[in-house]
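Undergrad: Pasted the sequence and its predicted model underneath.
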Amino acid sequence: MLEVEHLEVAHGDAVAVWDVSLSVRPRDLVTVVGPNGAGKTTLINAIAGLQPIRSGTVRLDGGDLASVPAHELCRHGIALVPEGRRLFPAMTVEENLEIGCYAPPARRLRGQSLERVYATFPILRERRRQLAGSLSGGQQQMVAIGRALMACPRLLLLDEPSLGLAPQIVDQVFAVVAGIHADGVAVLLVEQNVVQAFAIAARGYVLEQGRVVAEGAPSQLAQDARIREAYLGQQ
Amino acid sequence: MPSPTCRPASGCLSSPHENRALPSLNLIGQSLLAGLFTGGLYALLGLGLSLTWGLLRVINLANFALAFLGAYLTYQLATAFRLDPILTLVVIVPGFFVVGIGLELGFLRFKINELTSLIVTFGLTVILESLIQWIWTADFRRLEWPYTRVSLRIGTLFVGLTGLLAFGAAALLTLGTWAWLRWSYLGKAARASAQDGPMAGAFGVNRRRLALLLAGLSAAYAAVAGLFIALNHTLAPSQIYSWIGVVFAAVIIGRLGNALGLLAASVFIAASEALTMAVTAPGWAPLVSFTLLIVILLLRPEL
Ligand SMILES: Nc1ncnc2c1ncn2[C@@H]1O[C@H](COP(=O)(O)OP(=O)(O)OP(=O)(O)O)[C@@H](O)[C@H]1O
Ligand SMILES: [Mg+2]
């Protein structure tokens, strides 16, 4: 459903991603791993329309996304859980979730989607009138994931959702991501937590210095001596 | 400081004072009433400023000049065509809405920020003042209409009809705006955009259209403020500047983008001014708003 070909993205003159090709099939769970500064965020933001593309193409179901304005991307079924969560801190939890279903097709399903998010994260129901900025890191991450789910995406983009969270919250986040995938949503997951990402992904890409240096099934990637050493902490 | 005729916070909406030595209960009541009405005018003038500053990061000084342009247009239409002043809004409000959109198109085109907006709109204010002076001269103009001098007598208090109308309009517009921002999807989108624009965009908010709508609304509010300035005050082009300081104080104390806070702050400041004048001398009134602003900023620095 998502096809990225020869993508090049730059911050000003500094090229951060170049010649990246990847694909996500319907109901696929694909992970992109790589060290700090590899260009993972740049890549996922470019797909989400937050970052202009210098060259190459991003296609969704065959349609080129280059000509689609950023605010219309979500109508095509893409939703982003961005790096650092980027909630609307001075708005309540529920208002944050409601922005998730701002686009008319998702807005019609507001009640139903809210119920689903609150069923997934019961603590958010309790906190729904609280300002998002006052929540703990783990709860904020739940809001960020919930907000994206409110958009009823067919393709969910997640940028390091486990970053900076306590171990048992990390496990919960990965379980939720696996659950979303099991519900039939295609997922592109950027992670530095390679062990857990590989455990739930069907395919993985390794990004280094803006390029894809390896791709394949996680089990296959995990056998590569260099990847084991660099990302899995094994000899 | 403004002209000799009638400064915003003066007691000119009320009856003459009988006793200067000791403020009687009646005088205090009359002052508070004047504060309520003048506060309404502050809120009407501040609403557009608060919205564009809080939600679009544009500090639009031209709002004050627009309000005066609106006041003069009301004066002109009412005197030349014998059109009821309130009815002139039917023409002026949509016109100003379009002007507000045009201004914002310019601001967006030149990627204006808070500081440059202040400078550019100060320039616009000076230009508009000159335009007003060129068309209507620097002479004082007073809109006379059957209801401009009507006062209702409630107990021992005199309640000026146009002041009451100004407060009513202010309460209606600030409450409506507040509710709209709080509960409607568009209002939520406006608040979200102010906090993280690109993320709001990623969830489908068309920020450009929203910005144009808010800017148009703000200018339309200036038109309403203009009507009530024309109904309650003598007009002179230079008086544009006499409102800026106190309205800024109200906008900041009420919190940017918070319409209800603005109304409360406006009434509080205007009532404090009126009381100060009743108890001391009119010359002390201008100190009030800024003393309040400084004290409140000290007590609540997280603004
Ligand atoms: N806003 C920016 N302006 C300029 N350069 C940037 C900007 N954001 C990122 N970069 C640069 O682009 C490169 C890729 O950064 P990016 O954030 O995409 O990496 P990342 O893989 O997401 O890293 P991390 O794991 O730390 O999140 C880095 O060299 C970074 O310094
Ligand atoms: Mg990153």
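TA: Now that the structure is in, tell me what you want to look at. Ligands and ions are numbered 1, 2, ... in the order given.

Undergrad: which residues touch stretch B:179-196?
TA: Residues outside stretch B:179-196 that contact it (Cβ atoms under 8 Å, 6 or more residues apart in numbering or on different chains) are A:86-91, A:95-96, A:98-99, A:102, A:107, B:54-57, B:199-201, B:203, B:205, B:207, B:210-211, B:213-214, B:257, B:259. Quick note: C-beta positions are derived from backbone N, CA and C, even for glycine.

Undergrad: which among those residues end up buried?
TA: Among the contacts of stretch B:179-196, those classed as buried by 16 or more other Cβ atoms under 10 Å in any protein chain shown are A:86-88, A:91, A:95-96, A:98-99, A:102, A:107, B:54-57, B:199-201, B:203, B:205, B:207, B:210-211, B:213-214, B:257, B:259.

Undergrad: what sits against the closest residue to B:Leu161 other than its chain neighbours?
TA: Nearest non-adjacent residue to B:Leu161, counting by Cβ to Cβ, 6 or more residues apart in numbering or on different chains: B:Val150, 4.2 Å away. For B:Val150, the contact set (Cβ under 8 Å, 6+ apart) comprises B:160-162.

Undergrad: Which elements pack onto the helix or strand containing B:Arg208?
TA: In this structure, B:Arg208 sits in helix B:207-232 according to DSSP states H and E. On a contact count with 3 or more Cβ pairs under 8 Å, 6 or more residues apart in numbering or on different chains; DSSP states H and E, helix B:207-232 meets helix B:25-56, helix B:62-81, helix B:89-109, helix B:161-183, helix B:185-195, helix B:197-202.

Undergrad: Is chain A within reach of the shortest one?
TA: Looking back up the chat, that one is helix B:197-202. Yes - contact of helix B:197-202 with chain A (Cβ under 8 Å from any Cβ of the partner chain) involves B:198-202.

Undergrad: From the chain's centre, how far out is that helix? Work that out for me.
TA: Centroid displacement of helix B:197-202 relative to its chain, using Cα atoms, centre = their mean, to the nearest Å, is 31 Å.

Undergrad: Looking at chain B, which residue is nearest chain A?
TA: Chain A sits closest to B:Gly204 of chain B, with a gap of 3.3 Å, by Cβ to the nearest Cβ.

Undergrad: Point me to the residue sitting closest to the centre of chain A.
TA: Centroid-nearest residue in chain A, with Cα atoms, centre = their mean: A:Leu158, separated by 1.3 Å.

Undergrad: and the closest residue to A:Phe198 other than its chain neighbours, how many neighbours?
TA: Distance criterion Cβ to Cβ, 6+ apart; nearest residue to A:Phe198, sequence neighbours excluded, is A:Pro218 at 3.7 Å. The number of residues packed around A:Pro218, counting by other Cβ atoms under 10 Å in any protein chain shown, is 20.

Undergrad: For ligand 1, see how far away the most centrally placed residue in chain B is.
TA: By Cα atoms, centre = their mean, the mean C-alpha position of chain B lies nearest to B:Leu45, the distance being 1.1 Å. B:Leu45 is 39 Å from ligand 1, where distance means Cβ to the nearest ligand atom, to the nearest Å.

Undergrad: what sits against that residue?
TA: If you count contacts by Cβ under 8 Å, 6+ apart, B:Leu45 has them with B:63-64, B:67, B:222, B:225, B:229, B:243, B:247.

Undergrad: May I have stretch B:223-235 exported as CSV, CA atoms only?
TA: Extracted as CSV, the C-alpha positions of stretch B:223-235 are listed here (Å, rounded to 0.1, in the frame of the first residue of the first chain):
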residue,chain,number,x,y,z
ALA,B,223,-16.3,47.1,13.4
VAL,B,224,-18.7,46.4,16.3
ALA,B,225,-16.3,48.2,18.7
GLY,B,226,-16.4,51.1,16.3
LEU,B,227,-20.1,51.3,16.4
PHE,B,228,-20.1,51.6,20.2
ILE,B,229,-17.3,54.1,20.2
ALA,B,230,-19.3,56.2,17.9
LEU,B,231,-22.4,55.9,20.1
ASN,B,232,-20.6,56.6,23.3
HIS,B,233,-17.8,59.0,22.5
THR,B,234,-16.8,62.1,20.6
LEU,B,235,-14.6,61.1,17.7
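
Undergrad: as a whole number, average confidence for it?
TA: Taken as a whole, stretch B:223-235 has a mean pLDDT of 96.

Undergrad: Return the helix or strand in chain A with minimum mean pLDDT.
TA: Using mean pLDDT, DSSP states H and E, helix A:225-231 stands out as the lowest-scoring helix or strand of chain A, at a mean of 81.

Undergrad: Now A:Thr92: phi and psi?
TA: phi -70, psi 170 (degrees, to the nearest 10).

Undergrad: Can you list phi and psi of the closest residue to it other than its chain neighbours for me?
TA: Counting by Cβ to Cβ, 6+ apart, the nearest residue to A:Thr92 once its immediate chain neighbours are dropped is A:Arg129, at 5.4 Å. Here is the backbone geometry of A:Arg129 (degrees, to the nearest 10): phi -100, psi 0.

Undergrad: mind listing what A:Arg129 touches?
TA: Neighbour list for A:Arg129: A:92-94 [criterion: Cβ under 8 Å, 6+ apart].

Undergrad: so what are the domain limits for chain A?
TA: A:25-38+A:66-77+A:153-235, A:86-152 (automatic domain parsing).

Undergrad: Lowest average pLDDT across the ones you listed?
TA: Looking at these, the lowest mean pLDDT belongs to domain A:25-38+A:66-77+A:153-235 (a mean of 92).

Undergrad: Say whether ligand 2 is contacted by that domain.
TA: No - if you take Cβ under 5 Å from the ion as the test, domain A:25-38+A:66-77+A:153-235 misses ligand 2, and the best it gets is 5.9 Å.

Undergrad: I'd like to know which of the contacts of B:Leu45 are buried.
TA: Buried among those by 16+ other Cβ under 10 Å: B:63-64, B:67, B:222, B:225, B:229, B:243, B:247.

Undergrad: Rebuild the residues you listed as a markdown table, extending it with distance to ligand 1.
TA: A markdown table is the format used below for the buried ones among the contacts of B:Leu45 (distance: Cβ to the nearest ligand atom, whole Å):
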| residue | distance to ligand 1 |
| --- | --- |
| B:Asn63 | 34 |
| B:Phe64 | 38 |
| B:Ala67 | 41 |
| B:Ala222 | 38 |
| B:Ala225 | 41 |
| B:Ile229 | 46 |
| B:Trp243 | 42 |
| B:Val247 | 38 |
